[in-house]
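[1] below are the sequence and a predicted model for it; my questions follow.
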Amino acid sequence: MYSSTYNGRQAVEIRIRIRENKRSGRKTVPPSISLMRYYYDAEEKRARQVVIGAVPFWADALPSELESILVDEEKREFFEFVADRNAQMRAAAQRYQLARLAENIAMAVKAVEDGVAPADPSRLWEAMDVLARALDRAGYERPKRERGRPSKADELSADDLLSEWEAMTCEDRLAELPDFSLGSAGRRRTVRRFPAYPYEELVKKAIAPAADLDSSDSEDAGSS
């Protein structure tokens, strides 16, 4: 799959091949994307195709040696690819974090109950207020409670949240989330279409820095 534009003289194309494992059916993004240039050869009276170069799929910038030989249209095409890819990655990360939020809250509750001291308790209260306001503004009203003080047996516990999470399939969790639109803002001069990248690949890339940070934090805690 690819995105292409045409400026009247030559066509610019970014070729993106989504790979699929025939056994597992799992899809992955390619290691790199190819920048292609199509132009009309007046002498030969035929269209020609030239591979300008390749760029790592997750790159945010062009290699200097490649950037120096690209025209503005080709550079713009690359950065629109980057913007669309990053938009898909952000949306995937949002879906992933929202799907796991109740589980993470339950784990935080169990940590506090076990005596683990929060680094900044006031920040947690503020975060819960921010979340409550966001849910309210989005139209997700707080469930109404029956009058009177609820019995201890009726109170939801961290274990209840975890058991509900474990009983849900991945499809169940994702089905409850908003449907993010991943379109890129195209110009009138062209209609471009980038492929939808595999959700797992986007999430893995989006949360990798946080995972690395968590790992280093745990190592520091263990050595102290």
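    Yes, it's here.

[2] top helix in the protein by residue count?
    Longest helix in the chain, counting residues (DSSP state H): helix 72-99.

[3] buried residues in it, which are they?
    For helix 72-99, a neighbour-count test (16 or more other Cβ atoms under 10 Å) marks 73-74, 77-78, 80-81, 84-89, 91-93, 95-96, 99 as buried. Any C-beta I mention is one placed from the backbone N, CA and C, and that applies to glycine too.

[4] by contact count, what packs against that helix?
    strand 2-6, strand 10-15, strand 32-41, helix 170-175, helix 199-223 (3 or more Cβ pairs under 8 Å, 6 or more residues apart in numbering; DSSP states H and E).

[5] for the most centrally placed residue in the chain, give me its contacts.
    The chain has Met89 as the residue nearest its centroid, 2.2 Å off, counting by Cα atoms, centre = their mean. Going by Cβ atoms under 8 Å, 6 or more residues apart in numbering, Met89 touches 197, 202, 205-206.

[6] repeat that for 6 Å
    202, 205-206 (Cβ atoms under 6 Å, 6 or more residues apart in numbering).

[7] for the residues you listed, please prepare CSV with the additional fields distance to Lys144 and pLDDT.
    CSV is the format used below for the contacts of Met89 (distance: Cβ to Cβ, whole Å; pLDDT from 0 to 100):
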residue, distance to Lys144, pLDDT
Leu202, 37, 90
Lys205, 41, 88
Ala206, 36, 86
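
[8] from those, which is closest to Tyr140?
    Among the contacts of Met89, Ala206 lies closest to Tyr140 (Cβ to Cβ), at 23.8 Å.

[9] tell me who's in contact with that closest one.
    Going by Cβ under 6 Å, 6+ apart, Ala206 touches 89, 93.

[10] try Val109
    Taking Cβ under 6 Å, 6+ apart as the test, what Val109 contacts is Ala158.

[11] that one: what secondary structure?
    In three-state terms, and counting by DSSP: H, G, I helix; E, B strand; the rest coil, Val109 is helix.

[12] show the pLDDT at it.
    Predicted confidence (pLDDT) for Val109: 91.

[13] quick check: it vs Leu156, distance?
    Distance of Val109 to Leu156, given as Cβ to Cβ, to the nearest Å: 10 Å.

[14] pLDDT weak spots in the protein?
    Scanning the chain for pLDDT under 70 picks out the ranges 1-10, 146-155, 164-192, 209-224.

[15] off-centre distance for the longest helix of the chain?
    Centroid separation for helix 72-99 versus its chain: 8 Å, with Cα atoms, centre = their mean, to the nearest Å.

[16] now do it against strand 32-41, angle only.
    150 degrees (axes from the mean of the first three to the mean of the last three Cα atoms, to 10 degrees).

[17] host element of Ile105?
    Taking DSSP states H and E as the definition, Ile105 sits inside helix 101-113.

[18] quick one, the helix or strand just after that helix and helix 101-113 angle?
    Counting by DSSP H and E, the element after helix 101-113 in chain order, helix or strand, is helix 121-137. Interaxial angle of helix 121-137 relative to helix 101-113 (the same axes, to 10 degrees): 150 degrees.

[19] other residues contacting helix 121-137?
    Under the contact criterion Cβ under 6 Å, 6+ apart, helix 121-137 has outside partners Pro118.

[20] thanks a lot, see you next time.
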